[in-house]
Each structure stands twice: as C-alpha cells, then as structure tokens.
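Enquirer: here is my input, please return the structure:
(2 chains)
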Amino acid sequence: MVSSTDNNRIVEAVGLTKIFKDFWMRSKAKAVDNLSFHIEKGELFGLLGPNGSGKSTTIKLILGLLNSTRGRLSVFGRDPHDVAVKKYIGFLPEESYLYRYLNSRETLDYYGKLFGLERSIRRKRIDELLEWVGLTQVAHRPVGEFSKGMMRRIGLAQALINDPDFLILDEPTSGLDPIGTKQVKDLLIELRSRGKTILLSSHLLADVEDVCDRMAILYGGRIRAEGTADELLTDSLHTLIQVPRIKNEQTITELEKVLLSTEGTSIESVKQPRQKLESLFLSIVEEAKLEQVATSGAIHGGETASFLRGSQQGDELIDHLLQDQPEQLTQEVTKSEKVESAPKILDQLVNDDPTQKNLVEEARSEIDTPKGADSDVIDSLLDEKPQKTQGDE
Amino acid sequence: MNIHLWLTHAQRLMWVRVVASFLILGSTIGTIAPILQVSQRLHTDRNDIQILLTGPDQRIVGEQIQETGFVEINGRRIGDERLVGFPVLNEKGMIADPTSLTWYLISTDIPSWLPNWMIRSLGTTWLIAFIALAWGLSSIWLGLLVQLIYATVGSLLTWSLFRALGMNDLAIAFAGVGLLAYTFALLMRLLEIILGSPKQIPAIAKGLLLEASRTKLSLAFISLILLLLPLIPYWLDPASPLRHRMQTMLSRSLGMTFTIAACLTVLLACATVAFEIRDRQVWQVMTKPVSRFGYLFGKWLGIVSLNGTILCVAGLSIFIYVQYLRTKPVASGMQGELDRLAVEEEVLTARMSEEPEFLTLTSEQLTARVDAIIEADTDLRDRDEIQIHLRRKIRKEVQDQYLASQRSIPPGNAGNVFQQTYTFKGLSNAKKVGAPIAFQYRFYILDSSEHDVYEAGFVFNDDPATRKIIKFVPTMTHVTMVPSRFVNDEGILEISIFNLYEPPPGSEGRGSISFDADGIKILYRVGNFEPNFLRAILVLWIKLAFLAAIGISVATFLSFPVAALVTFTVFASGVMAPWLAESLLLYMPPTTSDVDFGNIGMVIQWAFENSIRGIASFLVFLLKGFGDQQPTSQLVQGMMITWGSVLRGFLSIGVLWSGFAILLGTLVLRKRQLAIYSGGG
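Expert: Residues are numbered from 1 along each chain as shown, chains lettered A, B, ... in the order given. All right, here's what the predicted structure looks like:
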C-alpha cells in the first residue's frame, strides 16, 4: 500500500482545469473547469454526468494520460504521471482497448507481467478471473472475435489482475446484461468491504445509486452537486410508510383523517409498490439456470476470484454466513463451497447415530449465533427443526 | 485428427522425450563421427605434407612427385598420376608452390562423400554438428516434436515428388521452404521462452513477437523471405563459372533478405507504436507501471529479436546452400581448376587489402603551385582578393592531379617502354600466412573498350626473374596471383608496371595506362569464410536495429504512413550516404561574400544551395556510419569484415544512434498527451 501525505485521501484535486487546444494553441474546449474534490481511502466514489460533462477527462487526468492546464492533482500523494503509483491502480476505460490478436488468457498474462506478477500468481489469478467473468470456455479465442459484452468482461478482468488498491471504472456496466451488471455491483461492494478505493464513472444513474458512498454530479466540466446518496436523494418533504396490502378502502379513509387531524396534511397517493425490473430479470434467469436451459456466449455464475475477496474457508465461511445480510446469505447457501466447509458435520449426519447426534448438538452449540441472524442455514445443515433462540424473541 | 491428438499427447510424455533425445543424439553422432574422423586424418596428413614440401628434403620429394605423381606419408601413398611430369620444382630446385601442391595432394585423398570445406575448417564441422543437435533437442523439449515430424515428412514428400518428376533443384528448394519455416517457428518459440520473464520490457518485447507472428503485415514479409530464399538458386545461370554463381548467390540472397527484413522492420516499428496510440491500446499499457522508455525499448527489443531470428534462419539457409554449391562440378580442364581455386581463394575466404603508397605534395609545394596557377590566370591575378574556398579548391585540384599523374604510365615510344613502381607496405601478415597473395588491378587505356585486349608487364621487387606479361581488358578487374615469398621481411612488396602498348605512327602520346585511386591493390587471406559470414550477418542485424529505433521514435509523434515514409527516407539516405559524402567534397555553394544581396535571384540561389549542403551534411554526419557498413559486398568480394568494424558499428549505430533515437522518442512520448478530447463542446 502506498502511503500518501494525507493517509485518508487517495485522490485530491484542487482547482483542476483542463482546456483542450488546437494545433495553433487556441482554446478549443474546456473539458474540466476548476474541479475540486477528493476521494477517501476505502470509499466508493461515483462520478455522474451526461455525455461530455468531463467525467472521462477527469479520469484521464488522474491516470496521467492528460496534463492539466491548471490546478493541482495528486494520486496517493504523488503526481499522476509517477510510474510507481500505477502499480496500485486498476483501470477499465469506457471502451476496452485490447490487443485483438491475443486471446483472453494471453491478454491477462500480458498485463499481469506488466505488473511484475510471478508466474504462479499470474496463473492462479487468470484462472480465477476468467472463471468469474465467465470466459473460461473461450479463453483461447482471440479477443478480436469477442462481442462487446465479452470485451467488457475481459477488460474488467485486466483491471483486477493486480488486485488494485484503487480501482477506476469508466462506464463498467456498458455492454453488460443485467446479470453482468449485478455481478459488477456485487464485486464493487465486496472490494469496498475489503478496504479498496473505487472511482466509478457512469451516466447510468441506477448503477451509481445502488453502490456509491459519495458521488459528484458534473455538468460542463464543473461539479454541480456532491455528497452521499442519502444527502442528495432524500426527499425531506415526504414520508413513505410501507404496509402489507390494504384490502379495505375504509382503512385508507381513516388514515387520512388521522393525518388531517395530527399533521394537517392529506395522503397524496396510494399505490402498490413495484419491484425493480432488475430484480424480476434476475429471478427469471435464476429460474432458467435451475432448469438448466442451454445458452451460448458468456456464462454467468462464476464466483468472485479468491484473491479479490480475501481468504474465506472452512469455519470462517460459516461465520460469514451468519452475518446480518439475509440476501447474501440466501445466495451463498447454494454454493458448493459451503457444504465443503463442514465435512465433519455432514459425515455425522449420514451416520445417523444417536451418540453422533450429541456430538452434532455440541458442535451446534459452539456456533455463536448473533442476534437477529437467520439460523435456517445452519439448521438445514444440521438437519434439525429450527429452535427458538434469544434473537428470535 | 486422432493421430494428431495422439502425437500431441505423446510428445508431452517424459519417456517419449527422453527416447527421442537419444535418437537425435545417436543419429547426429552417427553422421558426424565418420566425418570428423576422416577430417582429422586429412588435417594431420595435410600438416605432414606441408612440412615435407617445405623441409630440407623437398627437392627429393619434388622429384618423386614429378616421376611418380605420388608421395609417401604416414605409411600411405597420396597423389595422382596426372602429377607425373608436372613441374613442381623451380629453377633453384625448391618446391615452387608448396601450399597449392599440398592442397592438390590432399584433395586426391578426400572421399567423394565428404565436402572439401569440412576438411578446411574442422571447427565449422563441429559447429554444424552442435547446431543440428541443438535443433533436434530443442524441438523435443520445447514441445514442437509433432511440428518437426510434420515439417520433416512434408519436406521429404515434396522432395520425393519433385525428384520423381525430374526437377531435382525444385525438390531441394521446396523441401528447404518447409524446414526453414519450421526452424523459424522453433526459434520464435525459444525467443518467447527467453522473453518470458515477468518484467515490463521482456513482456512488451514478447507481445511484439506475438503481434509479428499473428498480423498479416509481418506474416507477409516473413513468408516472402522463407519462400524466396530457397528459390534464388533458380536465378543462377548454370553455364556461368562457379565463382560467379557463388557471388551471385551470396549477393542476391543476402541482399534480398536484408531488403525485405528492412521493409518489415520499418513497417512493423512504425505500425506497432503508431497504431497503438491511434487505437488507444497504449492507454491500457501506460496506466500500468511501465515507463515511456520501457515501452519503447521493449518494442525495439522485440523487433531486434525478430530480426535476429529472421537473419538466423536466412543465414543458416544461405550458408548451407553455399556449402552445397561449393561441391558442384566445374568445367573440365585448367579453366575449371582455376574456377574452383577462385571460389576458394577469392570468394569463400576473408582477405585484407593494401593499396600502394602514393607521394603527396607538401604544403609548401602546394602553396607554390597554387600561387603559380593564380599568377598564370589573368582573371584570378587581377582580383583584389582570392577567396579562401577558391584557394582551397585549387589546392585540392593540384593535389589530385599530382596523385593522378602517379597513376598513369605513358605508352611506349620508339622502342622505349615506360614503367611506374608502386610500393605496398604492411604485408607481414600475408607473408606469415604463406598463402599466395592476389594482385588485383583495373586499368584504363585509350577508349577503354571492353572488346580490346592490351598487354602489360609486371616485375616484382625489381627482380627480372619475376617478370610476368599479362593481357588485360580495359575497365575489367583482373587478378594475378603472387607468391607470398616475394614479400620481404619488412612486409614490403614493390611492383613495377610496364606499359607494353606502343601507339601507331601519328598517334604518339596516346595509350597511357591509368587507373583509379583504388585501381590496384594487394589482397591476402587472413581468415576463413565461415566466421566472416557470421560477422556479415551481425552487421546486417545492427543496421536493422538502427532502422527499428528510427521507426519507433518517429511513430511516437507521426501517423503510421508519415512515420513509415520518414523512416524509409532515412534508410535510403543511409544507403546513399557514402556517395553523398563524396559528392559533398565537390559541391561548393556560394558563400556570403559571393552574393549580391540586392539581387534577389542570387540570394535565393545562395539560400537554396546552402540549405541543400546543410541538409546533405547533416545526413552524412548522421548516416555515413550506416552507409559505410556494406557487409554483403565485402563478403561477395571475399574481403575481411573485422571484429573491430563490427564493434565500431555496434557502438556507433547500435548503441549511440539507436539509443539516441529511442531517447528522443521517450521525450516526445512523455510530453505527448495520449488521451484525446472526446467531449461535445
């Protein structure tokens, strides 16, 4: 990890300006205008804006691909052109500019070597990344024959080959289907949880909203708004209450009366909430996968490369499952690794010996079940009926 | 398909590799061992015969050869009946030419299946054995055994097919194409392993090798070399002397290889950088911990490695064919023997040359003559001031005329014959080697018509006993062999040239023999062809490395077509640089004092001509080193390419100028903003 003068700031820009000039040195376009922002360590920072707002230019300035006209910019406390700093950065440009004559494996191998990764580490990471992006089966096909989505996947893989401390993604979900988009978002959350810093640039608002800690909205090269999602998006003028479906219309009338008397206001609208189209799409695809419907091209479902998610094995994995993330828990239960992590318990289940059951009970009692955690998973492993714990009350 | 999969699987098995290795080893030893054994015996015999023919009993031995045609050596009779009656002894009763006689005696004992050159240089035989072994073992252990089998089988089938059709030469040619292509693939694989280090520069170099082997641009040029090389023998006129065929073969094959490789180098060097900047792959690279210098140096290293592979394959093929051509039959009789001797002594050799010393006018003598000329010329005499450059020009002309007068021998007159004596120094090495030395000359006389034949006489060291009368054709180069014993202990040889032409009445004074500054020279053997060939290849490699550096450097700021044009211009200028340097000596544009600045025409002329001179001078300064290195013509003429010249080329062209070009490119790339504006403003 590179230490910066201010340990918490990976990127710091003050008065950053970039003016493009023509051959005669006349000003042609002011792409970035007096930009001041910073990105904290371990933060997932979003850069939003319409086309031509200066997002990509800002990223290129951070990467040293452009020189600023005015202002100050530091990355890890150093000049962006410093070669040493690049060792800790992973970059996915808005288009994947890869070598068309190399296949996926060779592409990742090439970039891995540029980072000075040893052969054994490179091989392991390449296998895991290809598995994760779903390109294992086409690993030996030249990149020039890939579809746009496949290009983006391999582009993302090369951005991660060095397990970067600072990841810069310019339109990372461009060209990806919703499942791919979801995978990317999950990865970003996972990386952030590991203390990585991420700069995400996109004009797809939903992508940024779901994952970013802080965001800046650009227009005309200037920051128009900056803050956390809550700060920017919370509508402080309204209150939303979600209840199970109301069948009796009289109830709504009564509610309105209460509001009128206590708050002096009335109900503005009553409607049934909608799930996100993304959620519906994902559930349909999941269903199709379970039915084993055939598909070609990229395959989804590879788990995140181990070097990106850290080492989660054995009992540690069970502890992880018991954390307060129900959705994640549901997904991870279906993974085979979960089963492999408790071989002793499974063996004992198969034996069906009363004495063994005591051992199982002892094993179970050793597991520290936090308050509010969903213990169904453990119960399913131990093949016992769910029991009430303190947390349930 | 199944057989292919089976073979591919089998070649990965350890026991298969070990067995195949032993087979290769066994077959190589089985082939080379008898050759080495015979070569060693012949070497020993040759040394013993040489001692015998130069020892105290040489008279007796010489008489024996004249009577029987044979000589006894190491318990065996060596010789030929055709030597009976051949005058091997001179007037003093000594063996006239022991070196040639030794070689002739040994040649009668060489088995028909053994090439002569394997006896001359045992080292080369060992080298070929080692290369063959390395070639086979590399194929096995680099996992290319299957490809080797395919290439060998394919070549054998092609060879058999064409031989069955009676086209023997085509059979060899197409078999050669297959093996050449395989050897190229083998060397590329080896290179990829060598460049497999997880460091930036080797990684970029390896990336370039992959680019070269997978993109149409480079594959086209590489294929052209591999296809054309084996077909060059078809351009040889079978009716021409072996020596000419050999020289044509060397000249065309090396020339073609270098030209195609140069074109490939220029285009690949420009394309790889210019296209990566244009298509933005350079963004992906420059956002990794790769310095600008590392990027460019890696590209350069990749191209240099590729060129090395091409020259290695081409060089090997040319070398093998030269050795094959060496064994081809010559015309019968003395003409054929002279032809074969010329091949061995004038082409497949490494010679140094010495030119005669000419007297020059001292500074005082020059000044006196220049003053006399100015005094005699009324226009010059009446000038207030004679410009420096004019005086310099006149001095040069006077000196040149004085030198030219020493290179002219007047014709005979009323029975008198005129001659000039020329002194050659620095021939101690030639005397030490003991081999005959060549006196090369190219004369002009009268109209210098190629249809006329004239006579001249040579006397060596003022000794009438060495008198020799020769016939020569004007403008053509001739060679007369001179025994090395004519060189004295100080390494000096004096040759007097007599003009035996006497003009008819009414044409007195016409018919002088004249020659250029390099018109006469002594050539003597200092080494063998094989290492000389290697040095020639090295020099070509260095020149290609320079072109690569130029191409990469200019591509950092120019688009591909412009960069390629500039690099080709540099290449052409480099080839013409020596000629340009000579022309500049005679090119005298007006100086400022010669110009009337009120006359716009004169000003334009002055500016234009001086600009031309400036540009030409700069090109000569930059590229003369490149142009002076002409290894192909040196090799074809059998001239020595010294390690010193190789080192000079390496340091000046390879390190200094190539390094300068790469550094310049680095500076440009550092300043350049690689990402373009993509907004809508």
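
Enquirer: show me what from the stretch 151-300 of chain B comes close to chain A.
Expert: Counting by Cβ under 8 Å from any Cβ of the partner chain, the stretch 151-300 of chain B comes close to chain A at B:197-200, B:202-204, B:206-207, B:210-211, B:214-215, B:279-281, B:283-291. All C-beta spots, glycine's among them, are computed from the backbone N, C-alpha and C.

Enquirer: inside helices: which ones of those residues?
Expert: Of these, the ones assigned to helices by DSSP state H are B:200, B:202-204, B:206-207, B:210-211, B:214, B:281, B:283-286.

Enquirer: now, of the residues you listed, which are buried?
Expert: Among these, those scoring as buried are B:200, B:202-204, B:206-207, B:210-211, B:281, B:283-286 (criterion: 16 or more other Cβ atoms under 10 Å in any protein chain shown).

Enquirer: between the residues you listed, which is closest to residue B:417?
Expert: Nearest to residue B:417 out of these is residue B:211 (Cβ to Cβ; 69.7 Å).

Enquirer: farthest-separated two in the ones in helices among the residues of the stretch 151-300 of chain B next to chain A?
Expert: Once Cβ to Cβ is applied, those give B:214 and B:286 as the farthest pair, at 22.7 Å.

Enquirer: pLDDT added to the ones in helices among the residues of the stretch 151-300 of chain B next to chain A, as JSON lines?
Expert: Putting those into JSON lines (pLDDT from 0 to 100) gives the following:
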{"residue": "B:200", "pLDDT": "94"}
{"residue": "B:202", "pLDDT": "96"}
{"residue": "B:203", "pLDDT": "96"}
{"residue": "B:204", "pLDDT": "97"}
{"residue": "B:206", "pLDDT": "96"}
{"residue": "B:207", "pLDDT": "95"}
{"residue": "B:210", "pLDDT": "94"}
{"residue": "B:211", "pLDDT": "94"}
{"residue": "B:214", "pLDDT": "92"}
{"residue": "B:281", "pLDDT": "94"}
{"residue": "B:283", "pLDDT": "93"}
{"residue": "B:284", "pLDDT": "93"}
{"residue": "B:285", "pLDDT": "95"}
{"residue": "B:286", "pLDDT": "94"}
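
Enquirer: tell me the one of those nearest residue A:20?
Expert: Nearest to residue A:20 out of these is residue B:283 (Cβ to Cβ; 16.8 Å).

Enquirer: please list all residues in contact with that closest one.
Expert: Residue B:283 sits next to A:63, A:65, A:91, A:93, A:97, B:674-675 when contact means Cβ atoms under 8 Å, 6 or more residues apart in numbering or on different chains.

Enquirer: repeat for residue B:491
Expert: So residue B:491 contacts B:425-431 (Cβ under 8 Å, 6+ apart).

Enquirer: possible to save those residues as JSON lines with secondary structure?
Expert: What follows is the contacts of residue B:491, written out as JSON lines (DSSP: H, G, I helix; E, B strand; the rest coil):
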{"residue": "B:425", "secondary structure": "coil"}
{"residue": "B:426", "secondary structure": "coil"}
{"residue": "B:427", "secondary structure": "coil"}
{"residue": "B:428", "secondary structure": "helix"}
{"residue": "B:429", "secondary structure": "helix"}
{"residue": "B:430", "secondary structure": "helix"}
{"residue": "B:431", "secondary structure": "helix"}
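
Enquirer: scan these and report the most crowded one.
Expert: residue B:430 (27 neighbours; other Cβ atoms under 10 Å in any protein chain shown).

Enquirer: over to the closest residue in space to it that isn't next to it in sequence: give its phi and psi.
Expert: Nearest residue to residue B:430, sequence neighbours excluded (Cβ to Cβ, 6 or more residues apart in numbering or on different chains): residue B:524, at 3.5 Å. Dihedral pair for residue B:524: phi -140, psi 150, per degrees, to the nearest 10.

Enquirer: got the buried residues for stretch B:446-454?
Expert: In terms of neighbour count (16+ other Cβ under 10 Å), stretch B:446-454 has its buried residues at B:446, B:454.

Enquirer: ditto for stretch A:196-208
Expert: A:196-202, A:207-208.

Enquirer: anything in it near chain B?
Expert: No - against chain B, stretch A:196-208 shows no contacts by Cβ under 8 Å from any Cβ, the least distance being 12.6 Å.

Enquirer: that stretch: end-to-end distance?
Expert: 17 Å (Cα to Cα, to the nearest Å).

Enquirer: what's near enough to touch the nearest residue to residue A:305 once chain neighbours are set aside?
Expert: Excluding the flanking residues, the one nearest residue A:305 by Cβ to Cβ, 6+ apart is residue A:128, at 3.5 Å. Residues in contact with residue A:128, defined by Cβ under 8 Å, 6+ apart, are A:305-308.
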